[in-house]
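J.: Let me see the structure of the following:
(2 chains, ligands or ions: 1)
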Amino acid sequence: MSTFRVEPQLLADKSALVVGVGGLGCPAALALVRAGVGRVVLCDDDRVEAANLHRQILFDERDVGRPKLDAAFDTLRARGGTEAGILRVHGRLLPDTARALVRDVDVVLEGSDNFATKFLAADACQLEQRAVVHGAAIRWHGTAWLVPPGGAPCYRCLFEDVPAGAQQGCSEAGVMGPVVGFLGALMADLALRWLTGDASAAGSILSYDGKRDRLRTTAVPARRDCPLCGQRRIAELIESAYVSGICTA
Amino acid sequence: MEVTVRIPTPLRSLTGGEEAVKLSGATVREVIDGLEKAHPGMKDRLLDDKGVRRFVNIYVGEEDIRFLDGLDTALESGQEISIVPAIAGG
Ligand SMILES: [Zn+2]
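T.: Next comes the predicted model:
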């Protein structure tokens, strides 16, 4: 029987940062480690809760209450990851640490549950010329897209700025385990393609509808007046620029 | 001008689950007004007092209406309008 996989030696000297080890980050990190990405850096500040288990596939009942990164590390080690290949950054991605963290890897996978972190990851990657895969899921719906170094189109071409005002919470809106699992795998797919030299997915956002099993590709044009990749360039990360509610639908 | 508006999953609670709505209108603005009449509450999710909400994008075919004439973008029969909202979560 033949198997199709990316040759591990192509990935052994590659690295990825996974921001948010939740419903998206868990399957994405597992796929990256299993594919042979040499260094996978995990960034999260949460502990495992029982309500996470239906979708956060690196954790089980015994992990409830543990820091997510420690539980994820143990599972990834048990599934073929090496001690040196899985790094833990306990804490949120913050304006004063984001640039150094993204600079240190080849690609960033951002599956955060809040807009502040999404915009921060987008900005830090643009400033450090790193590729980023954005992922999001809520209820039966999710999106994923790859922004190559230099952006254009980037996250701010599409969504401009951190939304102000009350946002609907994730816990309140909920997310279906299989839907978020699919999106996490799709994020890893986009990242692995990027790491092996395929940038063809850039420029389009993928939207998945889990109730109808439809995946749509929508081209995103770069915006000339985009504050991140366009003429009005963001030159540095400013702490006060990354404050938002948790989720929106 | 009859067009099809594709409703993203997060807004389908307003359309009784419908994923696509057929409406008539000469411009995007007219179609959104029609959408509001048929499914009250929709307009507020798409527009604020400055126009299209920042974290919502409206496309006619493959084109973002920001690059066309915004809400005054003229429509042709059979065109498809897509709404792409920003989401966070996972
Ligand atoms: Zn941009």
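
J.: pull the helix or strand with minimum mean pLDDT from chain A.
T.: Lowest on mean pLDDT, DSSP states H and E among the helices and strands of chain A sits helix A:170-173, with a mean of 52.

J.: Okay, now the unreliable bits of chain A?
T.: A:1-5, A:164-173, A:232, A:244-249 (pLDDT under 70).

J.: ok, 80 please
T.: A:1-9, A:163-174, A:212, A:232-233, A:243-249 (pLDDT under 80).

J.: just chain B next, same as before
T.: Using pLDDT under 80, chain B drops low at B:10, B:54, B:62-64, B:66-67.

J.: can you give me the helices in it?
T.: Taking DSSP state H, the helices of chain B run over residues B:28-38, B:42-46.

J.: Could I get those helices in CSV, plus columns for distance to chain A and mean neighbour count?
T.: From N, CA and C alone the C-beta is placed, and that goes for glycine too. Shown next, in CSV, are the helices of chain B (distance: least, Cβ to the nearest Cβ, whole Å; neighbours: other Cβ atoms under 10 Å in any protein chain shown):
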stretch, distance to chain A, mean neighbour count
helix B:28-38, 16, 19
helix B:42-46, 9, 17
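
J.: Dump those into a markdown table; add distance to A:Phe159 as well.
T.: Converted to a markdown table, the helices of chain B look like this (distance: least, Cβ to Cβ, whole Å):
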| stretch | distance to A:Phe159 |
| --- | --- |
| helix B:28-38 | 19 |
| helix B:42-46 | 14 |
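
J.: So the closest residue to A:Ile57 other than its chain neighbours: helix, strand or coil?
T.: Excluding the flanking residues, the one nearest A:Ile57 by Cβ to Cβ, 6 or more residues apart in numbering or on different chains is A:Cys26, at 4.9 Å. Look at A:Cys26: counting by DSSP: H, G, I helix; E, B strand; the rest coil, its state is helix.

J.: Hmm, A:Cys26 is touching A:Leu58, no?
T.: Yes: at 4.4 Å, A:Cys26 and A:Leu58 qualify as touching, with contact defined as Cβ atoms under 8 Å.

J.: Spit out the residues that contact the two alike.
T.: Residues touching both A:Cys26 and A:Leu58 by Cβ atoms under 8 Å, 6 or more residues apart in numbering or on different chains: A:Ala72.

J.: give me phi/psi at the residue nearest in space to the middle of chain A?
T.: For chain A, the residue nearest the mean C-alpha position is A:Glu110 (2.1 Å; Cα atoms, centre = their mean). When read as degrees, to the nearest 10, the backbone of A:Glu110 gives phi -110, psi 110.

J.: Let me see the contact set for A:Ala188.
T.: A:Pro27, A:Ala28, A:Ala31, A:Leu32, A:Ala35, A:Leu109.

J.: what do you get if the cut-off is 10 Å, keeping everything else the same?
T.: Contact partners of A:Ala188, counting by Cβ atoms under 10 Å, 6 or more residues apart in numbering or on different chains, are A:16, A:18, A:24, A:27-35, A:37, A:109, A:133, A:135, A:144.

J.: Backbone dihedrals for residue 54, both of them.
T.: All of this refers to chain A. phi -70, psi -20.

J.: ditto for A:Pro67
T.: phi -60, psi 140.

J.: near chain A, which residues of chain B?
T.: With Cβ under 10 Å from any Cβ of the partner chain as the criterion, chain B meets chain A at residues B:6, B:8-13, B:17, B:19, B:45, B:53-57, B:59, B:61-64, B:66-67, B:82, B:84-90.

J.: Among the residues you listed, name the buried ones.
T.: B:6, B:8-12, B:19, B:45, B:53, B:55-57, B:59, B:64, B:66, B:82, B:84-90 (16 or more other Cβ atoms under 10 Å in any protein chain shown).

J.: if you go through the chain in chain order, where are the strands?
T.: In the absence of a named chain, chain A is used. A:15-19, A:39-44, A:86-90, A:107-110, A:131-138, A:141-147, A:204-209, A:214-219 (DSSP state E).

J.: not what I meant, chain B
T.: Under the criterion DSSP E, chain B contains strands at B:2-6, B:20-24, B:47-48, B:51-52, B:56-60, B:63-64, B:80-85.

J.: Nearest to A:Pro221, out of these?
T.: The closest of the strands of chain B to A:Pro221 is strand B:63-64. By Cβ to Cβ, the value is 5.7 Å.

J.: distance between that closest one and the chain's centre?
T.: 12 Å (Cα atoms, centre = their mean, to the nearest Å).
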